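Peer 1: this one's sequence-less:
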């Protein structure tokens with residue numbers, strides 16, 4: 001999954017960077033369901049969102065990583081192919097999670113993955129989500145802003161504005177995030193163009209959903225191993241999912257606070273309210289492993305309105321005065337379809353305060369058809385943490401073992417979703433067995 005992103009090309013709700021907490025500068029390496037990139041609202045150096053009137057003549061013009069593109073299905077797809085030192089066709093697909101991530105922004109430091117010993121002999125292929133270069137129509141932008149304002153104020157027309165957002169932005173059609181057909185076709189096309197053979201998969205957080213897209217298609221036919229780090233529980237009940245996340249957030253960051261006195265801050269066009277405090281606490285689960293305690297103190301103890309406002313905006317992908325990043329649309333494009341019974345999500349709007357926030361982030365895609373989890377029976381290793389609130393702890397393990405009964409599991413004691421703990425152990429287990 002992903003936490004908030006910059007409007008275009010800078011990361012996602014599930015990739016954090018540049019959050020000032022006193023003198024701390026948080027720099028985050030992506031690790032999944034929600035990695036996020038934070039820019040303070042109204043920042044003078046914030047990039048502008050893609051719109052119906054702006055389009056780059058060169059698809060890779062603003063990329064900060066090695067970038068190539070190809071046209072599939074009538075649109076351009078960006079990707080990065082990092083070749084192994086010795087020529088080979090063997091290639092591992094590296095999916096850093098999301099939805100709403102921007103792996104070619106330079107902030108996710110793809111070269112760090114190239115240095116992993118277990119992957120030295122593989123090319124690494126990273127495919128960017130389509131929202132980064134997609135055009136956003138004015139009706140879609142307006143609908144996203146209206147929905148945010150309604151959920152923020154607890155408006156009575158929330159269900160109506162959620163439906164309007166779904167329709168105006170054409171959610172669930174693969175316009176902003178991946179869908180199974182496009183993803184497999186893009187992988188096949190890249191493999192042909194680059195003369196590579198994708199036979200391994202490394203997926204962080206929501207990366208498991210993309211692996212699932214490939215599992216039963218010709219594009220995934222030669223996949224012979226998979227590592228799934230802190231995976232999203234694809235196939236879980238949507239309402240149970242948000243409630244379990246809420247329970248783990250409370251366990252880690254404390255009970256929902258009493259009402260916060262609204263206050264204005266210089267970096268934000270909206271006052272910081274109780275809605276922002278609850279959203280910020282939910283957003284703490286995306287904070288970097290090493291800085292999470294400091295950020296949590298700033299939000300829950302010091303009640304630092306600047307930090308609360310930034311983390312709230314991060315969760316909701318809000319930037320500028322009243323704009324919502326299309327990264328949020330990418331999240332809505334894929335997230336509900338990865339759960340079951342998402343049409344029942346409105347029930348969570350009346351429950352636990354943290355669950356209300358989480359259900360609100362998903363409501364515009366509620367009711368999307370579910371995609372069952374059906375993974376390939378190949379050597380598979382899962383990194384899981386019982387305390388990770390982003391993916392409801394280790395809920396994915398039982399679901400994965402329904403289709404891959406002998407999947408290995410590396411239990412990590414680190415609750416932070418950004419932690420890389422256990423990754424090397426899992427890679428060693430499956431890469432060596434597939435050699």
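Peer 2: Arrived safely. If you're wondering where the values come from, they're calculated on a predicted model, not measured in any experiment.
Peer 1: Name the next helix or strand downstream of the worst-scoring helix or strand of the chain on mean pLDDT, please.
Peer 2: Every helix and strand in the chain was compared by mean pLDDT, DSSP states H and E; the lowest is strand 24-27, with a mean of 27. Once the chain leaves strand 24-27, the next helix or strand it forms, by DSSP states H and E, is strand 68-72.
Peer 1: Which other helices and strands does the helix or strand encompassing residue 249 contact?
Peer 2: Assigned by DSSP H and E, residue 249 belongs to helix 238-253. Applying 3 or more Cβ pairs under 8 Å, 6 or more residues apart in numbering; DSSP states H and E, one finds that helix 238-253 contacts helix 274-283, strand 339-340, helix 353-362. C-beta coordinates here come from the backbone N, C-alpha and C atoms, glycine included.
Peer 1: What strands line up against the second one, and which way round?
Peer 2: Partner strands for strand 339-340, per DSSP bridges, with pairing direction: strand 236-237 (parallel).
Peer 1: and the strand it pairs with, what's its mean pLDDT?
Peer 2: The predicted model assigns strand 236-237 a mean pLDDT of 97.
Peer 1: about what we covered before: contacts for the helix holding residue 249?
Peer 2: 233, 256, 281-282, 284-285, 296, 300, 336, 339-342, 344-345, 347-348, 351-355, 358-359, 362, 366, 387-390, 392-393, 395, 415 (Cβ atoms under 8 Å, 6 or more residues apart in numbering).
Peer 1: So which bits of that helix are buried?
Peer 2: Using 16 or more other Cβ atoms under 10 Å as the burial criterion, the residues of helix 238-253 that qualify are 238-250, 252-253.
Peer 1: Give me the distance between the two termini of stretch 355-374.
Peer 2: 28 Å (Cα to Cα, to the nearest Å).
Peer 1: Pull out the buried positions in it.
Peer 2: Quick answer for stretch 355-374 (16+ other Cβ under 10 Å): 355-368, 370-371, 373.
Peer 1: Direction-wise, compare the helix holding residue 249 with helix 353-362 and give the angle.
Peer 2: 130 degrees (axes from the mean of the first three to the mean of the last three Cα atoms, to 10 degrees).
Peer 1: I'd like to know which of the helices and strands packed on helix 238-253 lies nearest to residue 430.
Peer 2: strand 339-340 (26.6 Å; Cβ to Cβ).
Peer 1: average model confidence for the closest one?
Peer 2: 96.
Peer 1: try stretch 296-303
Peer 2: 97.
Peer 1: Identify the residues contacting that stretch?
Peer 2: 21-22, 253-254, 257, 260, 277, 280-281, 284, 287, 304, 307-308, 311.
Peer 1: could you redo the last one with a cut-off of 6 Å?
Peer 2: Applying Cβ atoms under 6 Å, 6 or more residues apart in numbering, the external contacts of stretch 296-303 come out as 21, 253-254, 280, 284, 304, 307-308.
Peer 1: Noted, bye for now.
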